[in-house]
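Asks: With the input below, show me the fold.
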Amino acid sequence: MNLRLRIRHLILALALCGGAWAQDTVTRPFSGVTCIHHEQQAPEPLAWFLVRVDLANPKIRFITTKSNGDAPRDTRTQTTLEFAKETGAQIAINANYFTFDGDANTDLLGLAVSEGTVVSPWDNSGSACAVNISKDNKVTFINRVQESGTNTQPPVTLYNAVSGRYWLVKDNKVVPETGGERHPRTAIGRSATNELLMLIVDGRSGNHSVGMTIRELADATKTLGAVEAIALDGGGSATLVLADPLPHVLNVPMPLQAPAGMPATPPGIQRENGNNLAVFAAPAEGAAP
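Replies: Modelled structure (predicted):
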């Protein structure tokens, strides 16, 4: 990494932890992909991963969880790791909120589209914002128009779309005014330099990471370069998987009630999610085939 980039990451680390010392580990696991792992102990323990995906890279493509078809409900639940293994993706994160009732199949909340096929239309839940990634990797953040169907504002041709519950950054401005409780979080955003940003924050572990409020998450995504961003499902769902070369969980997923004495190390306690987003990428330059 060149000196200018090192200084930039150090400034970001200092800004996000109130000036206290923090450590960032920066890797480029695939062509067009940069992964930043942030850890700090002061003023409070905090750990997160930021994945930056160059949308102009011709080898980048995406997919989301496919429909159940004729099976019950919208999708089949699976961990993000299982999803990454099944699809052969290089990167995967959790996506939509969903009906969390322990069933093998689930209904998604909000809009979900996989390679042009609607998996879940809009509904009357709190998931009223979404991000659409077109076939040629154009990223558009959209709003629900009505509590049914697939109409969006602005209108787009839906290809790969996942929904969230909160606008974090809109028109380069932080949206949430209040904080709320700290939890693990997953956010997705777009930078002014045509990158897709995926931020996964660990939480519910006092020695490892306390998590973020929605306001803190919004501040973080903007500081990290997002001009638009929404919060996807968080809590125990928040998971990041990387296949370099074998798929593994990078962060520490944590349920609301973690077992006493559980070490805060990957893969944590993985949740079977209703929807996931995968990124496919080519090997980094100079990497062994």
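Asks: Can you pull out the low-pLDDT segments for the stretch 151-289 of the chain?
Replies: Within the stretch 151-289 of the chain, the stretches with pLDDT under 70 are 286-289.
Asks: where along it do the helices fall?
Replies: Counting by DSSP state H, counting those that start in this stretch, the stretch 151-289 of the chain has these helices, from start to end: 214-223.
Asks: Contact partners for residue 123?
Replies: Neighbour list for residue 123: 109-110, 147-148 [criterion: Cβ atoms under 8 Å, 6 or more residues apart in numbering]. C-beta: built from backbone N, CA, C; applies to glycine.
Asks: Give me the nearest residue to residue 78, chain neighbours excluded.
Replies: The shortest distance from residue 78 to any non-neighbouring residue, by Cβ to Cβ, 6 or more residues apart in numbering, is to residue 272 (5.6 Å).
Asks: how many other residues sit next to the one you found?
Replies: By the criterion of other Cβ atoms under 10 Å, residue 272 has 18 neighbours.
Asks: For it, what are phi and psi?
Replies: phi -80, psi 110 (degrees, to the nearest 10).
Asks: Distance of it relative to residue 120?
Replies: 17 Å (Cβ to Cβ, to the nearest Å).
Asks: In CSV, list the contacts of residue 123 along with pLDDT, secondary structure and distance to residue 202.
Replies: As requested, these are exported to CSV (pLDDT from 0 to 100; DSSP: H, G, I helix; E, B strand; the rest coil; distance: Cβ to Cβ, whole Å):
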residue, pLDDT, secondary structure, distance to residue 202
109, 98, coil, 23
110, 98, coil, 24
147, 96, coil, 34
148, 96, coil, 36
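Asks: Out of those, which end up buried?
Replies: Neighbour counting with 16 or more other Cβ atoms under 10 Å marks 109-110 as buried within those.
Asks: okay, among the contacts of residue 123, which ones form the most distant pair?
Replies: Spatial extent of the contacts of residue 123 (Cβ to Cβ) is set by the pair 109 and 148 at 13.4 Å.
Asks: mind listing the strands for the stretch 151-289 of the chain?
Replies: Ranges of strands in the stretch 151-289 of the chain, per DSSP state E, counting those that start in this stretch, are 152-153, 160-164, 166-170, 173-174, 185-191, 195-201, 226-231, 240-243, 247-249, 276-280.
Asks: Buried deepest among these, which one?
Replies: Ranked by mean neighbour count, those are led by strand 160-164 with a mean of 28 (mean count of other Cβ atoms under 10 Å).
Asks: neighbours around the spatially closest residue to residue 167 that is not a sequence neighbour, how many?
Replies: Excluding the flanking residues, the one nearest residue 167 by Cβ to Cβ, 6+ apart is residue 175, at 4.3 Å. Number of residues near residue 175 (other Cβ under 10 Å) recorded here: 18.
Asks: quick one: residue 175 from residue 92, how far?
Replies: Distance of residue 175 to residue 92, computed by Cβ to Cβ: 26 Å.
Asks: What of residue 253?
Replies: 13 Å.
Asks: hey, what's in contact with both of the two?
Replies: Listed contacts common to residue 253 and residue 92 are residue 239; contacts here mean Cβ under 8 Å, 6+ apart.
Asks: so what's residue 54 bridging to?
Replies: Per DSSP bridges, the residues bridged to residue 54 are residue 195.
Asks: Verify the stated contact: it with residue 195.
Replies: Yes: between residue 54 and residue 195 a contact is recorded at 5.8 Å, counting by Cβ atoms under 8 Å.
Asks: what about the helices in the stretch 1-150 of the chain?
Replies: Listed in chain order, the helices found in the stretch 1-150 of the chain under DSSP H, counting those that start in this stretch are 3-16, 80-87.
Asks: Residue 284 and residue 277: what is the separation?
Replies: For residue 284 relative to residue 277 (Cβ to Cβ), the value is 21 Å.
Asks: before we move on, what about residue 234?
Replies: Noted for residue 234: a distance of 14 Å to residue 277, by Cβ to Cβ.
Asks: still on that earlier bit, with distance to residue 158 as added columns, please give the contacts of residue 123 in CSV.
Replies: CSV is the format used below for those (distance: Cβ to Cβ, whole Å):
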residue, distance to residue 158
109, 17
110, 13
147, 17
148, 15
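Asks: Considering the contacts of residue 123, which is situated nearest to residue 223?
Replies: Taking Cβ to Cβ as the measure, residue 223 lies nearest residue 110 of the contacts of residue 123, at 26.3 Å.
Asks: you'd agree that closest one is up against residue 98?
Replies: No: at 9.3 Å, residue 110 does not count as touching residue 98 under the criterion of Cβ under 8 Å.
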